[in-house]
Each structure stands twice: as C-alpha cells, then as structure tokens.
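[1] coords please:
(2 chains)
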Number of protein chains: 2
Amino acid sequence: MTDLALAVDIGGTKMAAGLVRTDGTVVSHRTIPTPRDTDGEQVWEPLAALLKEVSAGAALAGVGAGSAGPADRAKGEVSPVNIPSWRGFPLRQRISETLPGVPVALAGDGICAAAGEHWRGAGRGHQDLLVMVVSTGVGGGLILGGRLVQGRSGNAGHIGHTVVDMGGDPCACGGYGCVEAYASGPNMVRWALAHGWQPSPAAGTQAGGTGTQTGAASTRAGAGVGVTGEHLAESARSGHPIARQAFSRAGHAIAAGIVSTAALCDLSSVVIGGGVSRSADLLLPPVRQYLARHAKLGFLNDLTVTAAELGGQAGLVGAAALVHEPQRYN
Amino acid sequence: MTDLALAVDIGGTKMAAGLVRTDGTVVSHRTIPTPRDTDGEQVWEPLAALLKEVSAGAALAGVGAGSAGPADRAKGEVSPVNIPSWRGFPLRQRISETLPGVPVALAGDGICAAAGEHWRGAGRGHQDLLVMVVSTGVGGGLILGGRLVQGRSGNAGHIGHTVVDMGGDPCACGGYGCVEAYASGPNMVRWALAHGWQPSPAAGTQAGGTGTQTGAASTRAGAGVGVTGEHLAESARSGHPIARQAFSRAGHAIAAGIVSTAALCDLSSVVIGGGVSRSADLLLPPVRQYLARHAKLGFLNDLTVTAAELGGQAGLVGAAALVHEPQRYN
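    Next comes the predicted model:
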C-alpha cells in the first residue's frame, strides 16, 4: 500500500518526521533536537537517519518536507535563519538520495502550517485564509481561492515581516517595525523585561519553541535566559500590567498585519497557531480589539480570527498535504 | 468585426469610456465629469449616454468596466467611497440593459490599472507584480503567477489600506496608519500645510485627480482649497524643506506597504502610477531609500520599483484586458 506520506518538519529547535495517511491522520512520528553550533552535514546526518527510521518498511506515496526558511523552491534549497550552517542547503536532493525513487515536495514551514490547518484544521472550508504561526518567530501562509500560495521563490506568506510600524523597533531580519519585532515570544519577553517586568522565581527552565520562517534563533538570543512566553503568560493571567501590555502590544501588531493582508488579498478568515497562541486567551482579545480599530473597509467586516486546531502537528500534516493533495497544495 | 472592447473607467472626479483593440490600442475615448451632490440615477444617466455615444456603430466583443470601489463582484454592484449616491449600485446590470447582448466584466479601478500596466505597460512580462495608483486616493492591484488577482469579493489589491503605522494618523477609511493617510495627494498637501508650508501665489486653480479605490473624495475635502499635489511638487523641486519632507514621508509609507506586500506575496516587481506619480522624480527616490531600509529578507533583494507607462489610460486599457484576455485578467 502506498497511501502513506513521509512528512518532515524542520525547525531551528527540533526536527520531526512522521507517516501520514491520506485522511491526514498521523500514524507515527518522532522528534529530535536540531543540532546546534555544528556544520551542515552534522545537522543533516541525524535527520537522514530519522527519515529512514520513521519510513522503514513503509511504501511511500511521497515525501513532503517543510523547512524553516527562506527557501529557494526552484533549486530545492533552504537557508533557515535559525540553522546557520544550512545556507543554500540542497534539502530536496539529499532527501531524494536517502529515499531513492520517492517524489519529494518542499515548502516553507509557515506555508506547511497553512496547508495543514486548511486541510485538516481550523481553516477547513475557507477559500481565502491566512494562517499565522506566532512562536519563536512569526510566520504564516496563504490560501487564496482554495489553493495554497507558495510564491515565485516559495516564500509567500511572510506576515511576520509585514511592516506595521514604519518608524518602529528593529527586527531580526534587519528591517524595522515588522510584526515579528512586537509579537514573537522572545520579543514580547524582551520588551516586558525592558519595561520592568520580572518573571516569578519559579521561572527559568529553558523551553524552546519551534522556529518559523525567519529570525527565530536570533530573536531568542537577546531574551532573558530561560524566560519564555509561557512565564509571561502566567504573569499576565495573574494581572501583571506590564505582562498584559506585552500581549496587548503583540495583539496590536498582529491585528495590523492581518488588516494589511486582508486588504491586499481579500481574506475571509485568519487562523492563529504556534507556541504563543497557546495563550490564545490573552492574545486573541487584543487582536480582535485592534482589528475593530483598523479593519474599517466594508469587505473586511466579516473577517474571522480563530485559534489553530492542530497544535504542533500542523507542519507535519501540511507537509503531508503537499503529497496527498497536490492539486490544492503543491 | 468584433475585435473592439468598450472600456469604462469610473472615478469620483471623472468617468471615461473608450474603444480598445485586441492589441491594447485605444481607438477613441471620451471623458466627462462625475456629477456631484446628486442622486445615483443622475450619475448613471450621463454615463449611459456616454457608453452609447462611444460605442455607436461598433460591434463589441464585450464591455470591461473598472470602477472606484469597494465593489461586490458576485452581485455586480459598486459602492465607490467617492460617489456617495452609489451604494450597492447595480452597475453590471445597468450596463447590460444599456447594451443588450454584450457580455460585461466588472472590476475595481486599482485592479484594472494593474491589468493595464501588466498587459501593455511597465509591468509587461512580470509574473508577480504590484501596481500602485497614488493619486487622490491610494489603490492598486496584484498579478500573481501571471494572473490578475481579483479576490473573493473583487477587492484584492487595496494597498492603500495596508497598515504601516499602527499608532498613526487616522485614515478616511475609518482606520489608522494606512498608506493612504500619508501618501495620497490631498493628505500630502494637508500634512505640508499643517507644518507651515504655503503654496506659491500662482497656486490655486482646481485640478482634480482620479479617485482610486477608496477615500478619494473624503480625503480631498480637508485639503487647502484648490491646492494640489502638483503645487507641492513644484515647491519641493524648488527646495522647500517641508514640501520635500511630505514626499519623503509619503515615500516611506509607500515603501513600507510595498515591503509588506512583497513579503506576503513574494513579489518581483512594483509599478507606481497615478497622479502623484507624475512627480516620480520626487517620489521614487524616497521610496527606494526606505525600501533599502525595510526590505532585508533575501527573497526581497531583487525587487524592482518603476514608474507606470500608461498614465491616465491604464484603467481603460486594463478594463479592455478583462474582455480581450479573460484567461489572464478575468
């Protein structure tokens, strides 16, 4: 039987592979840490071993691989900001060499998350959809007219680097005023620390998020060591005004990015996932409040914003969608 | 012979109709002022007469109509912000009744300008293109993968209402910090007047621009009476610092909107047209300067920004493209 896709999800913190059925069910999967401070081959070797292990004995319909970006889809290469030793790394070719005879489809991780949430998650049935991944970085992907938009170089959907504050904060991408500069977990923590917030004494265990699209590792570096967005969320829930303000500020930037995307692409719905969205109780109210402030054109009236459904598996499910539903997703 | 399209371009200041050949040549055209302070039928009647007059004796392949928006493409209705008496006006049906038996295609004016510049103007040959119209309002349209993007409701391409300054100036749309609030001709003039600029004594003849997408008439109302972007441009060319700053500020907002669009849609090129772009010598340098500041992701490196080629005829040519090249533009 060849109804299984081998799905791969590569981030700066961890790498996952799984077998996914044509109905989107993840049959089995395994996650390993992404090696750091090493060369490109030392990142690739454990991943190659993981792919062989997870696919052992399975007759594959294909491999779908989502990777932190940027990507060069024509060449099949990736240059993840948060995997510095991969620059123009020939991911598609390496996978083909490891699993000969199996077709390989490649896309950015934000794009895969969008495919996953549209295929089997909170975006089901929406024809014009933005999926955001708010985590260590801020990424996303677009579905327009019911089809995944990959873009000429495979880099469509970079909502984290829409400019919402043109005179504003520097961003890890090198630009200024991007959504990610306000709304990524590490940047929320950094802003709160700089404005007098202090994590509770219990905080301090290192908890890594999945890097999405760009800027993940570099934005993490400057945050308080071991202090994460989840500590900030706990503090906000207990009423700390600076912690709450960090979520409000992030929600404003996200709302502005959503309005820009909706005005450009005539969206009907937005799904927000990623680690920070586990604090949807704190994040979605300011997002909706600022959407009401900015989204005034008539065709934006019915825009809906909801939380993602697939959690950490959106990337794997979406990578499998590239294989199982190529007419919509590849 | 039926190789002629009747092209229609409806704005808040003027309405135009023309006959356009399959190669994009405008054979004949006529422009009339848009009636103001009247009811919807009194706007429609002179337009209906214009359509009959311009098309008299011609065997038409179809009618392509571009209108200031927003539009409702499914219903064939338009509600131009700058034609207050048209709210849900059944434009497609009215044209069909006036010219029975001829198919009618409808699109927003920014979308038509994009089709025109892509078909026969500065965007020829570009697969992933944003066309901006910077005039009394700021509008635009997108070509992705070589195809015009109309959007689910016919309102894609509203770059004038991307949010580039989330804590910023109110916009005529009711929101805040939109590109149009900084970069439309009337808003540039208003800002300059508020910051101490005074037009030269020669200024003061009323010169209307073509309204694009939204906000045109309402943003005009507050500007100095009879003072236009062209007076501001003359003053900037003669070195007035506030006038120059108005162009710099507009260029910054336009650049930020372009970067957002390019990050979302993986663009390769941008064409800027509209009345304000007649001052391309003043506008394009700050646009390019701020693009260099904000567009730092690798896949944005080769983004080009050029001036439009079709001038005031982009809308008519693009409306004809809906008829003559429907596989790409309709």
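[2] Can you pull the residues of the stretch 101-250 of chain A lying near chain B?
    Contact residues, the stretch 101-250 of chain A versus chain B (CB under 8 Å from any CB of the partner chain): A:127-128, A:142, A:144-145, A:149-167, A:171, A:173-177, A:214. Any C-beta I mention is one placed from the backbone N, CA and C, and that applies to glycine too.
[3] Which of those residues are buried, as a PyMOL select command?
    What follows is the PyMOL syntax for the buried subset of those, where burial is set by 16 or more other CB atoms under 10 Å in any protein chain shown:
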select buried, chain A and resi 128+142+144+149+150+151+152+153+154+155+156+157+158+159+160+161+162+163+164+165+166+171+173+174+175+176+177+214
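[4] In the stretch 1-150 of chain A, what residue lies closest to chain B?
    A:Asp128 (4.8 Å; CB to the nearest CB).
[5] I'd like to know how far that residue sits from A:Thr38.
    Going from A:Asp128 to A:Thr38 by CB to CB, to the nearest Å gives 42 Å.
[6] cool, A:His240 as well?
    When A:His240 is compared with A:Thr38 (using CB to CB), they lie 39 Å apart.
[7] How about A:Pro286?
    On the measure of CB to CB, A:Pro286 and A:Thr38 end up 40 Å apart.
[8] neighbour-wise, which of these two wins?
    Neighbour totals were compared for A:Pro286 and A:Thr38, and A:Pro286 leads with 20 against 13 (other CB atoms under 10 Å in any protein chain shown).
[9] quick revisit: pLDDT value on the residue of the stretch 1-150 of chain A closest to chain B, please?
    Per-residue confidence (pLDDT) for A:Asp128: 98.
[10] ditto for A:Thr2
    pLDDT at A:Thr2 comes out at 71.
[11] the domain parsing of chain A - what is it?
    Per automatic domain parsing, the domain ranges recorded for chain A read A:4-115+A:313-329, A:122-308.
[12] OK, contacts around the residue of the stretch 51-200 of chain A found nearest chain B?
    Residue nearest to chain B within the stretch 51-200 of chain A (CB to the nearest CB): A:Gly151, separated by 2.7 Å. Contact partners of A:Gly151, counting by CB atoms under 8 Å, 6 or more residues apart in numbering or on different chains, are A:157, B:128, B:144, B:265-266.
[13] A:Ser269 now?
    Per CB under 8 Å, 6+ apart, neighbours of A:Ser269: A:123, A:126, A:128-130, A:303-306.
[14] List buried residues within those.
    Buried among these (16+ other CB under 10 Å): A:123, A:126, A:128-130, A:303, A:305-306.
[15] which one among those gets closest to B:Gly251?
    The closest of these to B:Gly251 turns out to be A:Leu130 (CB to CB; 27.5 Å).
[16] Isn't the closest one up against A:Gly273?
    No - A:Leu130 lies out of contact with A:Gly273 (CB atoms under 8 Å); the separation is 11.3 Å.
[17] which residues in the stretch 1-150 of chain A form helices?
    A:40-55, A:91-98, A:109-120 (DSSP state H, counting those that start in this stretch).
[18] low-scoring pLDDT stretches of chain A, where are they?
    A:1, A:202-226 (pLDDT under 70).
[19] if we can go back for a sec, from the helices of the stretch 1-150 of chain A, which stretch is densest packed?
    helix A:109-120 (a mean of 32; mean count of other CB atoms under 10 Å in any protein chain shown).
[20] Give the full set of residues in contact with A:Arg244.
    A:236, A:282.
[21] List phi and psi for it.
    Per-residue torsions, A:Arg244: phi -60, psi -40 (degrees, to the nearest 10).
[22] Kindly provide the distance from it to A:Arg278.
    17 Å.
[23] do the same with A:Arg73
    On the measure of CB to CB, A:Arg73 and A:Arg278 end up 30 Å apart.
[24] cool, and A:Gly110?
    Taken as CB to CB, the span from A:Gly110 to A:Arg278 is 17 Å.
[25] Count the neighbours of the residue nearest to A:Cys112 when sequence neighbours are not counted for me.
    Closest residue to A:Cys112 apart from its sequence neighbours, by CB to CB, 6 or more residues apart in numbering or on different chains: A:Gly66 at 3.2 Å. A:Gly66 sits with 35 neighbouring residues when counted by other CB under 10 Å.
[26] got the contact list for A:Arg232?
    I think there's a mix-up here, since residue A:232 is Leu and not Arg. So A:Leu232 contacts A:185, A:188-189, A:192, A:197, A:199, A:243, A:246-247 (CB under 8 Å, 6+ apart).
[27] Surely it is in a helix?
    Yes - looking at A:Leu232 with DSSP: H, G, I helix; E, B strand; the rest coil, it is inside a helix.
[28] Neighbours of the closest residue to A:Val27 other than its chain neighbours, how many?
    Counting by CB to CB, 6+ apart, A:Leu19 is the residue found nearest to A:Val27 once chain neighbours are left out, at 4.4 Å. Residues lying near A:Leu19 (other CB under 10 Å) number 20.
[29] Confirm for me that A:Trp197 is in contact with A:Ser238.
    No - the pair A:Trp197 / A:Ser238 is not scored as a contact, 11.9 Å apart, by CB under 8 Å.
[30] A:Glu117 reaches A:Ala314, doesn't it?
    Yes - counting by CB under 8 Å, A:Ala314 is a contact partner of A:Glu117 at 5.5 Å.
[31] so what's in contact with the two at the same time?
    Contacts common to A:Glu117 and A:Ala314, judged by CB under 8 Å, 6+ apart, are A:131, A:273, A:308.
[32] what is the second one paired to in the beta sheet?
    Counting by DSSP bridges, A:Gly273 is bridged to A:Val133.
[33] does it really touch A:Ala307, like I thought?
    Yes - if you go by CB under 8 Å, A:Gly273 and A:Ala307 touch, sitting 7.2 Å apart.
[34] which one of those two has more residues nearby?
    A:Gly273 (31 against 16).
[35] Out of the domains of chain A, which one sits most buried?
    The stretch of those with the highest mean neighbour count (mean count of other CB under 10 Å) is domain A:122-308, at a mean of 23.
[36] for chain A, what spans make up the strands?
    A:4-10, A:14-21, A:26-33, A:60-67, A:71-72, A:77-78, A:104-108, A:129-134, A:138-144, A:147-149, A:269-273, A:304-307 (DSSP state E).
[37] and the second one, what other elements does it pack with?
    It refers to strand A:14-21. Judged by 3 or more CB pairs under 8 Å, 6 or more residues apart in numbering or on different chains; DSSP states H and E, the packing partners of strand A:14-21 are strand A:4-10, strand A:26-33, helix A:40-55, helix A:314-324.
[38] Contacts for stretch A:32-52 next, please.
    A:6, A:8, A:10-17, A:30, A:63, A:83, A:85-87, A:89, A:94-95, A:98-99.
[39] returning to what we had before: do you know which of the helices and strands packed on strand A:14-21 lies nearest B:His231?
    helix A:314-324 (53.3 Å).
[40] what's the angle from that closest one to helix A:109-120?
    70 degrees (axes from the mean of the first three to the mean of the last three CA atoms, to 10 degrees).
[41] ok and helix A:314-324 relative to strand A:60-67, angle-wise?
    Using the same axes, to 10 degrees: helix A:314-324 against strand A:60-67 is 140 degrees.
[42] Let's see helix A:314-324 as CSV, backbone CA atoms only.
    What follows is helix A:314-324, C-alpha atoms only, in CSV (Å, rounded to 0.1, in the frame of the first residue of the first chain):
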residue,chain,number,x,y,z
ALA,A,314,0.2,21.5,11.7
GLY,A,315,3.6,21.4,10.0
LEU,A,316,3.6,17.6,9.6
VAL,A,317,0.0,17.4,8.5
GLY,A,318,0.6,20.2,6.0
ALA,A,319,3.8,18.6,4.6
ALA,A,320,1.7,15.5,4.0
ALA,A,321,-0.9,17.6,2.2
LEU,A,322,1.8,18.5,-0.4
VAL,A,323,1.9,14.8,-1.2
HIS,A,324,-1.7,13.7,-0.8
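[43] What is that helix packed up against?
    strand A:4-10, strand A:14-21, strand A:26-33, strand A:60-67, strand A:104-108, helix A:109-120, helix A:326-329.
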